[in-house]
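Sequence first, then the predicted structure, then my questions.
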Amino acid sequence: MKYPVNEVFETIQGEGVFTGVPAIFVRLQGCPVGCAWCDTKQTWELLPANKVSPEQVIRVDGSIGRWAEHTPQSLIAAFGAKGFTARHLVITGGEPCLYDLVDLTRALHAAGYQTQIETSGTFEVHCADETWVTVSPKINMKGGYKVLTQALERANEIKHPIATEKHLDELDALLAPIDLSDKTICLQPISQKPRATALAMRVCIARNWRLSIQTHKYLDID
Ligand SMILES: C[S@@+](CC[C@H](N)C(=O)[O-])C[C@H]1O[C@@H](n2cnc3c(N)ncnc32)[C@H](O)[C@@H]1O
Ligand SMILES: Nc1nc2[nH]cc(C(=O)O)c2c(=O)[nH]1
Ligand code: SF4
Ligand SMILES: [Mg+2]
């Protein structure tokens, strides 16, 4: 299967349960969800005019929305050619679950990588059984998509972006029918806002949840 790839880079996972772990990021192009505060808006449109050759998305700045088709094999070959050493592989976007990720995640596991998906939960998650799935549920966004029970139930980690009490109330309502016993819940302040961070810290302490700050933003790395 071919996937539209916006950028591939090696860095430190900055968010969630795997914060601090060296990781290769594969960012897929395309997302219809429309979060007003999205930090990767260049990935929303899959414009034919922005299609480039496969080598033009490896370790280059993806900020102008270019994309190239890659297969699992061409990606794994590119990691080797660039001398990437991380064994943790994060598939993000855009919205990666627009695409069936079974092929990609299985090929990555067969090549010795541990995989993680970052998804909004608005499309069904199709991936290898071993993949760590982080769902960052998007409620009432412009695109009008709803979070799916399939995605919430598949999640290993629920990482909720939060700025106000309203976001917390929305999360509580969404999670009420879900069995959370095998899931880690993280709150992630939106855009490093001090009030959002203070709220997230307060709630995490009260509920024994985890704080996820976007450490790469503080470090000014990819
Ligand atoms: C850019 S999204 C891509 C993956 C997928 N579309 C999703 O939303 O989970 C990656 C992560 O960044 C988070 N995120 C995006 N913009 C953010 C912002 N301004 N502040 C905090 N988190 C943000 C998302 O909630 C998600 O957890
Ligand atoms: N360092 C780093 N960690 C991240 N964790 C999730 C990211 C994302 O954009 O999905 C991201 C990212 O873009 N960079
Ligand atoms: S779902 Fe993810 S990529 Fe899409 S707009 Fe929201 S934060 Fe951005
Ligand atoms: Mg990011």
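Done, it's in. Ligands and ions are numbered 1, 2, ... in the order given.

Tell me which residue lies nearest the centroid of this structure.
residue 118 (2.3 Å; C-alpha atoms, centre = their mean).

Is any residue of the helix or strand containing it near ligand 3?
Here residue 118, judged by DSSP states H and E, is contained in strand 114-119. No: applying C-beta under 6 Å from any ligand atom, one finds strand 114-119 separated from ligand 3 by no less than 7.9 Å. Yep, even glycine has a C-beta here, placed from its N, CA and C like the rest.

Tell me which strands that strand pairs with, and in which orientation.
Looking at strand 114-119 with DSSP bridges, its partner strands are strand 88-92 (parallel), strand 132-135 (parallel).

From the rest of the structure, what touches it?
13, 15, 18, 23, 87-93, 95-97, 101, 105, 108-109, 125, 127-128, 130-136, 151 (C-beta atoms under 8 Å, 6 or more residues apart in numbering).

In this protein, which strand is the longest?
strand 3-12 (DSSP state E).

tell me the mean pLDDT over the helix or strand just after that one?
Downstream of strand 3-12, the first helix or strand assigned by DSSP H and E is strand 22-28. Mean per-residue pLDDT for strand 22-28: 98.

strand partners of strand 22-28, parallel vs antiparallel please.
Partners of strand 22-28 in its sheet, by DSSP bridges: strand 3-12 (antiparallel), strand 88-92 (parallel).

Can you find the residue of this protein that comes nearest to ligand 1?
Residue nearest to ligand 1 within the chain (C-beta to the nearest ligand atom): residue 136, separated by 3.2 Å.

Quick check: which ranges of this protein have low pLDDT?
Within the chain, no stretch has pLDDT under 70.

Close to ligand 1: what parts of it are there?
Residues of the chain lying near ligand 1 (C-beta under 6 Å from any ligand atom): 31, 37-40, 92-93, 95, 118-120, 136, 159, 161, 188, 190-191, 214.

Tell me the spacing between the residue nearest to residue 100 when sequence neighbours are not counted and residue 222.
What sits nearest to residue 100 in space, not counting adjacent residues and going by C-beta to C-beta, 6 or more residues apart in numbering, is residue 126, at 4.6 Å. Residue 126 is 27 Å from residue 222, where distance means C-beta to C-beta, to the nearest Å.

Quick check: residues of the protein near ligand 3?
31, 33, 34, 35, 38, 40, 43, 93, 94, 95, 120, 138.

any chance of the strands paired with strand 22-28 in JSON lines, with mean neighbour count too?
Conversion of those to JSON lines gives the following (neighbours: other C-beta atoms under 10 Å):
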{"stretch": "strand 3-12", "mean neighbour count": "21"}
{"stretch": "strand 88-92", "mean neighbour count": "23"}
